[in-house]
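Trainee: Got a predicted structure plus its sequence, pasted below:
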Amino acid sequence: MPVFSTTRASRTSIRPRTLRRSATGRYADTWDTSHLLTDRKRDFEPAMKALEAKVAGFESVRETLTGDLSAAAMFTLLQQQEEIAVDAARLGAHAYLWYSENTADGAARSHKTLVEDRLTALHNRLLFFDLWWQGVDPDLARRLMEGAIRYRYHLETIRRFTPHTLSEPEEKILNIKNTTGRSAITTLYDIVTNGLTFSLSVKGKRQTVSREELSTYFRSAQAGQREAAYREFYRVFHQHHDVLGEMYRALVSDWKAEQLELRHFSAPIQSRNLSNDIPDEAVSTLLKVCIKNAAVFQHYFRIKGKLCKSPKMSRYHIYAPFRGSKEASYSYQDAIRLVLESYRGFSPKMADLAEQVFAERHVDARIHAGKIGGAYCYSVIPGSTPYVLLNYTGKARDVATMAHELGHAVHGMLAAHHSIFTFHSTLPLAETASVFGERILSDALLQQEHNANVRQGLLVDQLDDVYATVMRQAYFVQFERSAHDMVANGATVQDLADEYAHLLQQQFGKAVSVPKEFQWEWVTIPHIYASPFYCYAYSFGNLLVLALYGMYKQQGSAFIPRYLELLAMGGSESPASILGKVGVDMCSPDFWQAGFEMIKEMVQALERTI
């Protein structure tokens with residue numbers, strides 16, 4: 001699955017600079033998926049049949065899995081399994097990218113479902129190997145892993161799930177159920193929400209716009225326009241709140257049935273934590289420290305209210321552009337040059353890898369009806385250039401989103417020497433390179449800007465972004481924790497909306513008023529539907545990056561090789577082990593608080609400019 005990403009907060013005062021250009025001087029804004037499958041109609045079925053043959057070959061070794069299996073034989077089996085995973089990833093990615101281009105395209109939806117069904121069937125035929133490995137005697141397991149160092153963490157991960165694994169027939173049933181159940185509901189959610197249209201008056205003319213187009217007005221220089229855009233956004237979503245709310249209740253109930261009742265996790269979030277290989281204690285500590293520091297952003301929004309001449313801040317206006325100035329617009333080509341220049345200033349190697357994504361036409365940036373919203377990076381297989389989806393509108397925040405998604409791409413490319421099982425980092429560390437990429441861009445702009453007023457605006461932009469990716473995401477997870485308990489006890493859709501409104505009041509305190517329609521914000525957040533408890537990865541990643549960036553500011557160029565080495569580890573070791581190499585203890589409240597101390601310094605720096 002792709003590394004999804006929320007849309008970033010807005011930025012202003014970005015000035016294009018001269019960069020190296022592509023051979024033609026321009027980069028395409030549509031992607032070329034032929035690197036995955038040359039011709040869908042001609043090549044899909046032969047590729048699928050070849051994959052099925054490999055699976056059949058692997059199935060034939062089932063009877064050879066005995067206590068006297070040699071390390072060499074085990075290594076060969078893992079190589080065969082990796083080949084299967086690579087082929088499956090290509091087919092699955094091609095189907096998802098096509099679907100992303102237009103979720104309203106019936107042929108794309110049908111093909112995506114077909115591929116998911118067939119890959120699920122093949123995965124079920126391979127389940128026996130993981131189940132066998134979970135039951136292997138510890139001494140034998142140790143011996144076999146010593147001969148398969150490349151796959152060691154992958155093998156450790158499989159065994160980590162042993163207490164929560166069911167029998168082979170049960171696991172097969174759950175895989176089928178998740179394809180026809182959870183996946184079908186989240187696909188339906190995408191279809192419904194990406195197909196919504198909105199009506200907004202712009203310069204006296206009524207226009208019909210998409211969600212992505214409407215969202216640009218959340219950051220309009222005109223307060224009335226911002227409010228009108230939000231009102232229209234929630235008016236339309238409120239019309240569908242019964243359907244969207246029931247979809248969510250169904251997904252939550254399904255999560256409870258599988259994760260708690262069948263797999264015996266003690267709490268709904270624990271399944272995500274185990275997948276991420278993050279201790280429950282670390283996640284709990286992270287969220288507690290975030291909630292404890294809500295006042296930091298409440299203070300910031302009071303300051304921003306003064307800067308934007310809004311004595312009483314409202315949720316309508318937290319992303320208001322600095323001092324109501326007209327937000328600049330940037331061509332797609334200028335945005336590419338800006339991002340690559342900032343990357344090159346930090347590391348030429350990172351810039352070259354990022355540029356490769358554009359040069360190979362692996363970016364789709366167009367906006368059109370039906371296209372999946374937001375942005376993501378899909379690192380498909382090691383050694384293959386990742387694909388990046390953007391919805392580029394020319395706004396400053398889109399430049400930052402580009403820097404963010406290219407960070408994901410660079411991360412995957414640096415870790416390409418690992419197996420397909422371990423080149424992806426776990427979710428919390430997956431945001432490290434992306435958020436660091438944004439920080440590189442922001443810092444480069446701040447350093448080159450000498451106008452005091454513009455620098456003040458850049459600080460506002462940075463704090464807007466830190467709020468959106470730390471505190472806002474932490475409260476999404478707080479809502480999920482409450483919602484999962486509430487649904488288990490029979491809560492209605494309106495009950496969930498009331499709880500969300502309560503948490504908004506807690507988050508903003510008296511600093512920001514929250515209009516009633518924001519109680520429906522939760523039904524607009526794809527992550528809580530498709531990936532429960534995913535969002536703490538953003539809080540984790542952003543606070544981690546603040547700490548890492550602080551190290552960079554202190555150590556200078558000496559830090560860069562250590563940082564690139566961290567990214568190059570991918571997911572080949574546990575997050576605790578990887579972060580331990582740079583002195584991070586994720587279970588320490590002091591570590592997370594140190595991130596907030598840096599945020600406080602940014603707020604104080606802004607306050608001194610008033």
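Mentor: Received, thanks. Residues are numbered from 1 along each chain as shown.

Trainee: Neighbours of residue 138, how many?
Mentor: For residue 138, the count of nearby residues is 8 (other Cβ atoms under 10 Å). For the C-beta atoms, the positions are set from N, CA and C on the backbone; glycine is no exception.

Trainee: no, scratch that, I was asking about residue 173
Mentor: Using other Cβ under 10 Å: residue 173 sits among 13 other residues.

Trainee: got a list of what residue 584 touches?
Mentor: Residues in contact with residue 584, defined by Cβ atoms under 8 Å, 6 or more residues apart in numbering, are 544, 547, 591.

Trainee: Out of these, who's the most crowded?
Mentor: residue 544 (25 neighbours).

Trainee: Apart from its neighbours in sequence, what residue is nearest that residue?
Mentor: residue 432 (6.1 Å; Cβ to Cβ, 6 or more residues apart in numbering).

Trainee: can you give me phi and psi for residue 585?
Mentor: phi -110, psi 100 (degrees, to the nearest 10).

Trainee: thought it was touching residue 592?
Mentor: No: contact criterion Cβ atoms under 8 Å: residue 585 and residue 592 do not qualify, at 10.0 Å.

Trainee: Mind checking which of these two has more residues around it?
Mentor: residue 592 (25 against 12).

Trainee: confidence score at the closest residue to that one other than its chain neighbours?
Mentor: Counting by Cβ to Cβ, 6+ apart, residue 289 is the residue found nearest to residue 592 once chain neighbours are left out, at 4.1 Å. As predicted, residue 289 sits at a pLDDT of 97.

Trainee: Contacts only, for residue 289.
Mentor: By Cβ under 8 Å, 6+ apart, the neighbours of residue 289 are 589, 592, 593, 596.

Trainee: Which helix or which strand is home to the third one?
Mentor: Following DSSP states H and E, the helix or strand that holds residue 593 is helix 589-608.

Trainee: Check the offset of that helix from the chain's centre.
Mentor: Taking Cα atoms, centre = their mean, to the nearest Å, the mean C-alpha location of helix 589-608 is offset from the chain mean by 24 Å.

Trainee: How about it, which residues are buried there?
Mentor: 591, 592, 594, 595, 596, 599, 602, 603, 606 (16 or more other Cβ atoms under 10 Å).

Trainee: quick one: the helices in the stretch 1-150 of the chain?
Mentor: Taking DSSP state H, counting those that start in this stretch to define them, one finds helices in the stretch 1-150 of the chain at 40-59, 71-101, 106-134, 138-146.

Trainee: Quick one: residues contacting the closest residue to residue 411 other than its chain neighbours.
Mentor: In this structure, residue 411 finds its nearest non-sequential neighbour in residue 433, 3.7 Å apart by Cβ to Cβ, 6+ apart. Taking Cβ under 8 Å, 6+ apart as the criterion, residue 433 is in contact with 407, 408, 410, 411, 567.

Trainee: which of the residues you listed count as buried?
Mentor: So, by 16+ other Cβ under 10 Å, the buried ones in the contacts of residue 433 are 407, 408, 410, 411, 567.

Trainee: For the closest residue to the third one other than its chain neighbours, what is the enclosing helix or strand?
Mentor: Across the structure, with Cβ to Cβ, 6+ apart as the measure, the residue nearest residue 410 apart from its sequence neighbours is residue 353 (4.8 Å). Assigned by DSSP H and E, residue 353 falls within helix 348-359.

Trainee: So what touches that helix?
Mentor: 20, 22, 27-28, 336, 339-341, 343-344, 363, 385-386, 388, 406, 409-410, 413-414, 564.

Trainee: Which SSE is immediately downstream of that helix?
Mentor: That would be, after helix 348-359 and using DSSP H and E, strand 363-364.

Trainee: strands paired with that following strand, and their directions?
Mentor: Strand 363-364 pairs in its sheet with strand 387-389 (parallel), by DSSP bridges.

Trainee: So what's the gap between the partner strand and the chain middle?
Mentor: With Cα atoms, centre = their mean, you get 12 Å for strand 387-389.

Trainee: ditto for stretch 382-401
Mentor: 12 Å.

Trainee: Would you mark the buried spots in that stretch?
Mentor: Those would be 382, 384-401, for stretch 382-401 by 16+ other Cβ under 10 Å.

Trainee: Among those, which ones are in helices?
Mentor: Secondary structure defined by DSSP state H assigns 396, 397, 398, 399, 400, 401 of the buried residues of stretch 382-401 to helices.

Trainee: The second one contacts residue 218, doesn't it?
Mentor: No: at 9.8 Å, residue 397 does not count as touching residue 218 under the criterion of Cβ under 8 Å.

Trainee: circling back: what helices or strands is the helix holding residue 593 leaning on?
Mentor: Applying 3 or more Cβ pairs under 8 Å, 6 or more residues apart in numbering; DSSP states H and E, one finds that helix 589-608 contacts helix 280-292, helix 294-307, helix 452-466, helix 536-555.

Trainee: ranges for the helices of the stretch 201-350 of the chain?
Mentor: Per DSSP H, counting those that start in this stretch, the stretch 201-350 of the chain carries helices over the ranges 211-215, 223-239, 241-255, 268-276, 280-292, 294-307, 332-346, 348-359.

Trainee: Name the next helix or strand downstream of the helix or strand where residue 179 lies, please.
Mentor: Residue 179 is part of helix 168-180, with elements assigned from DSSP H and E. Per DSSP H and E, the first helix or strand lying C-terminal to helix 168-180 is helix 182-194.

Trainee: residues in contact with that following helix?
Mentor: 103-104, 109, 112-113, 116, 211, 240, 243-244, 247, 250-251, 254, 370-373, 524, 526, 529-530.

Trainee: So for stretch 193-205, what gets flagged as buried?
Mentor: 193, 194, 196, 198, 200.

Trainee: same thing with stretch 561-572?
Mentor: Buried, per 16+ other Cβ under 10 Å, within stretch 561-572: 563, 564, 566, 567, 568, 569, 570, 571, 572.

Trainee: ok, residue 176 to residue 112 distance?
Mentor: Counting by Cβ to Cβ, to the nearest Å, the gap from residue 176 to residue 112 is 16 Å.

Trainee: quick one, which of the two is more surrounded?
Mentor: Between residue 176 and residue 112, residue 112 has the larger neighbour count (other Cβ under 10 Å), namely 22 against 14.

Trainee: remind me which residues of the stretch 351-500 of the chain are low pLDDT?
Mentor: The stretch 351-500 of the chain contains no residues with pLDDT under 70.

Trainee: residue ranges with poor pLDDT in the chain?
Mentor: 1-25, 323-328.

Trainee: Swap in 80 and give it another go.
Mentor: Counting by pLDDT under 80, the chain shows low-confidence ranges at 1-25, 310-311, 322-328, 446-455, 610.

Trainee: Next, work out how far apart the closest residue to residue 610 other than its chain neighbours and residue 293 are.
Mentor: Leaving aside its chain neighbours, residue 610 sits nearest to residue 306 (6.4 Å; criterion: Cβ to Cβ, 6+ apart). Residue 306 sits 21 Å away from residue 293, going by Cβ to Cβ.

Trainee: Neighbour count: these two, which is higher?
Mentor: residue 293 (20 against 12).
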